[in-house]
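Colleague: Build the 3D model from these lines:
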Amino acid sequence: MGEVVEQEQQYVDIHPLKKGKRALLFLGDFFIVFLLSLLLFHVGVYPLGRYIAKYDDQITSLHQAQVRRDKLLYDNELLFAKNGENKDYDDFENNLVFTCDEFIHAWTDSSYSQKYNVFAGYFLNIENQPEAYISFYKALDEKTGFFSFENDNVVLKEYYVNEFLPAFDPKDSMSSKGQTDYQTFENKIFVQGYSKLLSILESEDFTRDGISYASEQQIITNVLNNGRTLIVVGSIVTFLLVWIVFHLVIPLFSKRRKTVGMMMLRIERIHKKNFDCLSIPMAHLSSFYSLAAYAFMPMFIPWGSTNFNELFSLPVLFPLALFSLAYLIGSTAFMLFDPFNRSLGDFLCQSYCIQNDDYDLLVQQKGY
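Modeller: Residues are numbered from 1 along each chain as shown. Model prediction:
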């Protein structure tokens, strides 16, 4: 009679990635996609898009419209240039600052040229609307209290006159309180007032010598909108191309459905139930969760082709970034509290991330 020998069952300890290593895997794949998207956008997609859309020609028409529009402002003393020079399209911002300083100087010194009160220039000298002039200043001054309104006149209060005068005396200087009030006056009175004035010029179709402010502004708006559309579409297309290559194509042809980050860090992703590497459909599903986490990336890809502050005003990209950021915060919080250090995407795909060495032991134990 043969002897029955009961074989001892063997076990293999499989340890999930530590939280730091799991975060490093995300950052590795993220920066690979981001840096390549950044490069591809600036050297390929965006220049090609500009060429196809003939955007350089549109920029030329934009500058011509800006020059005509600004000439309308200069000729009617609604904008001033220092010494009457430098009135090209790219000098608008500097001349607006100069106009603002001269505007405040005119309010603080009655002997100074009052032509720099551009709001009086429009409502009183051009349109002859004294009531509209008073109403305009009352609306601006509603929450600040810089002015007093006496006998249908607008007067800067004596307190602020004394505060601001040292700004125009090279031998004197304003107090800290004066500097704060000066900046408030700039922002709340001049900047907001000038913005309203330009809106009035556009809505009223202010026209002189055959130049229409509304028409020139429409050309400028159209070209700028086309530029934003070109940047938004180019950024999204670039991001999707790079993401498809690195999160769909490469894992499809890699031996164990690995991303480049997983290859570099020697990490495996296995299914929760059978501990096998993920199937192709499940690997692709996992990639789409990474797409949600990366979706704030397109907002920053155009950085370098546009000002940083303008990135947050690009249509579509900013709302998309907010959605992505919410998902990323939720996924990070989930990983912090998950006992297996899984991201939200790992949990939804029923997968774990482990080290290569642990996977090799598992394969050896299972015998394949």
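
Colleague: domains of this structure?
Modeller: Structural domains of the chain, as assigned by automatic domain parsing, span the residue ranges 19-52+223-366, 56-209.

Colleague: among those domains, which is the most enclosed?
Modeller: With neighbours defined by mean count of other Cβ atoms under 10 Å, none of the domains of the chain is more surrounded on average than domain 19-52+223-366, at a mean of 17. Quick note: C-beta positions are derived from backbone N, CA and C, even for glycine.

Colleague: all helices in the stretch 101-250 of the chain, in order from the N-terminus.
Modeller: Ranges of helices within the stretch 101-250 of the chain are 118-120, 130-141, 158-164, 176-184, 192-203, 213-244, 250-253, based on DSSP state H, counting those that start in this stretch.

Colleague: hang on, the earlier thing: what's the least confident stretch among the domains of the chain?
Modeller: Of all those, the minimum mean pLDDT falls on domain 19-52+223-366 (a mean of 85).

Colleague: Residue 246 contacts residue 29, correct?
Modeller: Yes - using Cβ atoms under 8 Å, residue 246 is in contact with residue 29, at 7.2 Å.

Colleague: Report the set of residues contacting both of those two.
Modeller: Between them, residue 246 and residue 29 share the neighbouring residues 259, 260, with contact defined by Cβ atoms under 8 Å, 6 or more residues apart in numbering.

Colleague: ok so, going back, got TSV for the helices of the stretch 101-250 of the chain, with distance to residue 51 too?
Modeller: Converted to TSV, these look like this (distance: least, Cβ to Cβ, whole Å):
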stretch	distance to residue 51
helix 118-120	41
helix 130-141	45
helix 158-164	51
helix 176-184	44
helix 192-203	32
helix 213-244	11
helix 250-253	30
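
Colleague: out of these, which comes closest to residue 347?
Modeller: Judged by Cβ to Cβ, the one of the helices of the stretch 101-250 of the chain that comes nearest to residue 347 is helix 250-253, at 19.1 Å.

Colleague: State the next helix or strand along the chain beyond the closest one.
Modeller: Proceeding C-terminally, helix 250-253 gives way to helix 260-265 as the next helix or strand, assigned by DSSP states H and E.

Colleague: now the strands for this structure?
Modeller: 147-150, 153-156, 207-208, 211-212, 267-271, 351-355 (DSSP state E).

Colleague: Which among those is found nearest to residue 309?
Modeller: Evaluated over these, closeness to residue 309 peaks at strand 211-212, with 29.9 Å, by Cβ to Cβ.
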